[in-house]
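# pasting the sequence and the predicted coordinates here, then a few questions.
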Amino acid sequence: MAEIKLLDCTLRDGGYINNWNFKDEDIKSILKLLSSANIDFIECGYLNKDININNKSIFNTIEKIENFLPTDKKNSKFLAMIDVTQFSANDITNFSGKSIDGIRVVFYKHQIKEALEIAKKSIDSGYSTFLQPMVTIDYTLYEYEELIRKIAKINPVGISIVDSFGYMTKDDNKKYFQIIDSIANKECIIGFHSHNNTGMSFACAQDLFEYKTDRILMVDSSLEGIGRCAGNLYTEAIAQYFNSVKGIKYDMIKILECIDLYIEPIKKTQKWGYNPYYFVTALYHCHPNFATYLLEINPDINIIDFIQFIKTIPIEMKTKCKKPYVAELYKNFI
C-alpha cells in the first residue's frame, strides 16, 4: 500500500470561485487550522507579480506570504503556485526558511520550455519544487514520456498527474503513473490532481491507496471540493478515508471547523460542484467552461440540446475555451 500525503489547495483552486477574495485574517486562520489538522502540504495561493492587493490569496512576492504563515508550522509544508504567465524565473528569490517551503509550477503543453526554466530557478533557489503539467491526458503516452524525461533532468521533488477536465479514469491514472514511475528519480513524489466532472474523484483517489509502490503519492483536494466548475476532491472526505484505512492522522474537527467558518459562507452566494452539464463536457472530452459560459448565455438550455451543442465543437477546439468563442459557436448553433 502506497504512502499517501494530502495537499489542500483551497486557497488556490478555490479562489476560482470567489476571485481569490479571502480576507487577510481568514487566509491566516485557514492556514493555521489546516496545519493544526496535520495536512501535509498546504497551498497558500498564486504568485503573481502584477497583483499587489490585500485580502486576496494572490501574492506578488514570495516574501509577502511570510506574514500569513502560522508561527508553528507543525508538520505541514507550505507551497505557492506559479502560472508561467504570471511569475517569471527572475521573480523567484532565494529560499529564506521564513516564507513558503516550496513552489508548484503549472503549465500547458505549449509552455514546457518556460515551465522548466522557472522550475530550475526554483530548485536552484532552494525551494521544494513540483511540476503540474495541466491536462495530462492531452499528451499521448509517447509525448508524456518525452516530457517526463525533460522534467527528470532537473530532478524536482514532485510531478503531478492533472485531470484538468475531470474525465480521467483509474486506468488512465495508472498509465501516466507508470511513465513517471519508470523515469523519475525514485525519491520523486507523484501527485494526483483531479476534478469532479464525472463524480469519480473520490473513487480514483481511493484507488491510489492500493498502488503497490515505494514512492510517496500526493493527493490534491480542497475543503468541500471548492473549485472551478465541478470542483475538486473533498479534503474532508479523503482525510477521513485516510484515517479509516491507515490510522488516525488528520484532525477532522479542525477541518470541519475550517469549513464551517470560511467555506460555508462562500457557498451561500457562489456555486460549484457536480452537475450534469459538467458531466457532459467530460463525456465529450471538452473544457468544462463550455458549460459555464453557455449557461451564462442561456441558463435554460436543456441537457439534450446542450449535448447537441457540444457535438458541434471542432476537435481542435475542445480543450480551448474562451467566452466570445462559445457565444459565436452558440449563435451559429441556434
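The structure has been received and is ready for your questions.
# all strands of the chain, in order?
Taking DSSP state E, the strands of the chain run over residues 3-8, 41-47, 58-59, 77-83, 102-107, 128-133, 158-162, 189-193, 216-221.
# would you format those as a markdown table with mean neighbour count, distance to residue 325 and mean pLDDT included?
C-beta coordinates here come from the backbone N, C-alpha and C atoms, glycine included. Converted to a markdown table, these look like this (neighbours: other Cβ atoms under 10 Å; distance: least, Cβ to Cβ, whole Å; pLDDT from 0 to 100):
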| stretch | mean neighbour count | distance to residue 325 | mean pLDDT |
| --- | --- | --- | --- |
| strand 3-8 | 22 | 33 | 97 |
| strand 41-47 | 25 | 25 | 98 |
| strand 58-59 | 25 | 26 | 98 |
| strand 77-83 | 23 | 21 | 98 |
| strand 102-107 | 25 | 22 | 98 |
| strand 128-133 | 24 | 24 | 98 |
| strand 158-162 | 25 | 23 | 98 |
| strand 189-193 | 23 | 26 | 98 |
| strand 216-221 | 24 | 29 | 98 |
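# what's the closest of those strands to residue 331?
Proximity to residue 331, assessed across the strands of the chain by Cβ to Cβ, is greatest for strand 77-83 (30.9 Å).
# for the closest one, what is the distance to the chain centroid?
In terms of Cα atoms, centre = their mean, to the nearest Å, the centre of strand 77-83 is found 11 Å from the chain centre.
# how about stretch 170-177?
17 Å.
# for stretch 271-279, same thing?
17 Å.
# what residues does it touch?
The contact list for stretch 271-279, computed with Cβ atoms under 8 Å, 6 or more residues apart in numbering, reads 17, 166, 196-199, 225-231, 288, 291, 295, 303, 306.
# returning to what we had before: so for residue 244, which of the strands of the chain sits nearest?
strand 3-8 (12.6 Å).
# what's the closest one packed up against?
Applying 3 or more Cβ pairs under 8 Å, 6 or more residues apart in numbering; DSSP states H and E, we find strand 3-8 packed against strand 41-47, strand 216-221, helix 235-246.
# how much does the longest one deviate in direction from strand 3-8?
So the one you mean is helix 235-246. Orientation check (axes from the mean of the first three to the mean of the last three Cα atoms, to 10 degrees): helix 235-246 against strand 3-8 gives 160 degrees.
# repeat that for the first one.
Orientation note: strand 41-47 sits at an angle of 40 degrees relative to strand 3-8 (the same axes, to 10 degrees).
# tell me the pLDDT of residue 316.
Looking at residue 316, its pLDDT stands at 90.
# with residue 320 instead?
84.
# tell me the contacts of it?
residue 287.
# now with 10 Å?
For residue 320, the contact set (Cβ atoms under 10 Å, 6 or more residues apart in numbering) comprises 108, 286, 287, 289, 313, 314.
# check residue 148 too.
So residue 148 contacts 131, 133, 139, 159, 176, 179, 180, 181, 182, 183, 184, 188 (Cβ under 10 Å, 6+ apart).
# from residue 229, how far off is it?
27 Å (Cβ to Cβ, to the nearest Å).
# what does residue 279 give?
Residue 279 is 11 Å from residue 229, where distance means Cβ to Cβ.
# and the two? which has more neighbours close in?
residue 229 (27 against 20; other Cβ atoms under 10 Å).
# model confidence for the more buried one, exactly?
pLDDT at residue 229 comes out at 92.
# only the buried subset of the contacts of residue 320, as a PyMOL command please.
In PyMOL, this line selects whichever of those come out buried by 16 or more other Cβ atoms under 10 Å:
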select buried, resi 108+286+287+289+313
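# and of the contacts of residue 320, the nearest to residue 13?
Using Cβ to Cβ, those come closest to residue 13 at residue 289, 14.7 Å.
# now do the contacts for the nearest residue to the closest one once chain neighbours are set aside.
Of all residues not flanking residue 289 in the chain, residue 321 sits nearest, at 4.2 Å (Cβ to Cβ, 6 or more residues apart in numbering). Applying Cβ under 10 Å, 6+ apart, we find residue 321 in contact with 165, 281, 286, 287, 288, 289, 290, 291, 292, 293, 313, 329.
# kindly report the same for residue 72.
32, 35, 36.
# from residue 241, how far off is it?
Distance, residue 72 to residue 241, by Cβ to Cβ: 27 Å.
# before we move on, what about residue 32?
Taking Cβ to Cβ, one finds residue 32 at 24 Å from residue 241.
# these two - which one has more neighbours?
The neighbour count for residue 32 versus residue 241, taken as other Cβ under 10 Å, is higher for residue 32 (21 against 18).
# nearest residue to the residue positioned nearest the centre of the chain in space, please, no chain neighbours.
Centroid check for the chain by Cα atoms, centre = their mean gives residue 193 as the closest residue, at 5.3 Å. Using Cβ to Cβ, 6+ apart and skipping residues adjacent in sequence, the residue nearest residue 193 is residue 220, 4.1 Å away.
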